[in-house]
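Visitor: Give me a 3D structure for the following:
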Amino acid sequence: MFSDCNQSQSSSPRLPESRLEKLDRLKRVWPDLDLHVDFERLADEIEPSVAPGRSSKSTKMGRPGYPIVLMLKMVILQQLYNLSDEEIEFQCLDRLTFQRFLGLHFEQNIPDAKTLWSFKEKLNKHHLGETLFRQFEQQLHQKGYIPRGGQLVDATLIPVPIQRNSKVENKQIKQGRIPDHWSKNKRCQKDTDARWTKKNNQSYYGYKESVNADKKYKLIRKVHISTASEHDSQHAEFLIDPRNTSRNWFADSAYTGEPIETLLGKAKMRPRIQRKGTKGKPLSTCQKRRNHTLSKSRCRVEHVFAGFKSMGGKMLRTIGLSRAKLQLNLKSTTYNMLRLCSLKRVGTLPF
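Guide: I've put the predicted structure just below:
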């Protein structure tokens, strides 16, 4: 009887899993991104600015330009892993998963590091980081993922390489001047926009990104980028989203103060801001209980910044505020893409 059972099982052997099927199963991000994100539509949105007069599938005489959608996907890959231009070129040449995501065969050419840098400079020149962020938000809206449940507001510091300047040079930079003795090449390597700030008695150098994420889906809805020295509360006016189905505006104690209360009142928002004790005037038991209750909702915004860290960290290699804005808008867009794939994977319906 046992031999008959074994024979029936062996009569219908399970087919071995192919390499590509195994890759799709182990690393779902690539097929999910192609399934849920309309990259062609995003490419069409930026094409008139980065390649005027040329279709993304142009076949003119001479060496044809690389498709816009290919360049855009490479930029998204950079954000996913926080790779330099040289490293993304190598990885796209070497890794099968990257090549499949880009829609390339092994023998096909890819844009080199200088070509990719030139493409991003065009994105920066025409402020297309914000355009891509807004365009993908339209895709989210059309899929039914509108802002719901309340608004989660917070800021995170974005570090950049520290500049080793003298005291005299730093003084001139703060006055909006560039030291005269700097050569042209040196100026290209110096970030005169980044600033120092302190948080929890620790110094940081770089920029600051403030976000407004909806409470239900944890998708980023508003972004504002500045130097690190600006206080979080200065970004409040840029982080109000009237489209959210809830008027609750959750934030930590950095956003306390009468000016913000007035601002939220004019926007008809309900401030859900955690209170902060001061010297000689600690928080009451009731205020502590209120903070604890609000923190259960407010803490969800920290998951957004944790998502940034999982994408190779927040460190920027760019120089200047305008390029930082481009990179951080692209990173926020990439985060929303991954978040959409995650919501679809677990079956979260947009209603």
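Visitor: Next, give phi and psi for Val223.
Guide: Torsion angles at Val223 (phi, psi; degrees, to the nearest 10) stand at phi -140, psi 140.
Visitor: Could you do Trp196 as well?
Guide: phi -90, psi 150.
Visitor: Grab the longest strand from the chain for me.
Guide: strand 202-214 (DSSP state E).
Visitor: ok, and for that strand, which residues are buried?
Guide: Tyr204, Tyr205, Gly206, Tyr207, Lys208, Glu209, Ser210, Val211, Asn212, Ala213, Asp214 (16 or more other C-beta atoms under 10 Å). (C-beta placed from N, C-alpha, C; glycine too.)
Visitor: Can you tell me, leaving aside adjacent residues, what's nearest to the last one?
Guide: Excluding the flanking residues, the one nearest Asp214 by C-beta to C-beta, 6 or more residues apart in numbering is Pro147, at 4.1 Å.
Visitor: Would you check which pair of the buried residues of strand 202-214 lies furthest apart?
Guide: By the measure C-beta to C-beta, Tyr205 and Asp214 form the most distant pair in the buried residues of strand 202-214, at 31.3 Å.
Visitor: if we can go back for a sec, show me what the longest strand of the chain packs onto, helices and strands only.
Guide: Judged by 3 or more C-beta pairs under 8 Å, 6 or more residues apart in numbering; DSSP states H and E, strand 202-214 is in contact with strand 151-159, strand 195-199, strand 220-227, helix 300-310, helix 321-345.
Visitor: so for the third one, what's the average pLDDT?
Guide: It stands for strand 220-227. Across strand 220-227, the average pLDDT comes to 97.
Visitor: Same check on the first one?
Guide: In this model, strand 151-159 carries a mean pLDDT of 96.
Visitor: and the next element down the chain from the worst-scoring helix or strand of the chain on mean pLDDT?
Guide: Lowest mean confidence among the helices and strands of the chain (mean pLDDT, DSSP states H and E): helix 2-10, at a mean of 49. Using DSSP states H and E, the next helix or strand after helix 2-10 towards the C-terminus is helix 19-26.
Visitor: now what about the helix or strand just after that following helix, what contacts it?
Guide: Sequence order places helix 29-36 as the next helix or strand after helix 19-26, per DSSP H and E. The contact list for helix 29-36 (C-beta atoms under 8 Å, 6 or more residues apart in numbering) reads 24, 76, 80, 97, 100-101, 143, 337-338, 340-341, 344-345.
Visitor: Just the buried subset of these, please.
Guide: Among the contacts of helix 29-36, those classed as buried by 16+ other C-beta under 10 Å are Asp24, Ile76, Leu80, Thr97, Arg100, Phe101, Met337, Leu338, Leu340, Cys341, Lys344.
Visitor: Can you tell me, leaving aside adjacent residues, what's nearest to the fifth one?
Guide: Read it as Arg100. Distances taken as C-beta to C-beta, 6+ apart place Trp30 nearest to Arg100, at 6.3 Å, with adjacent residues excluded.
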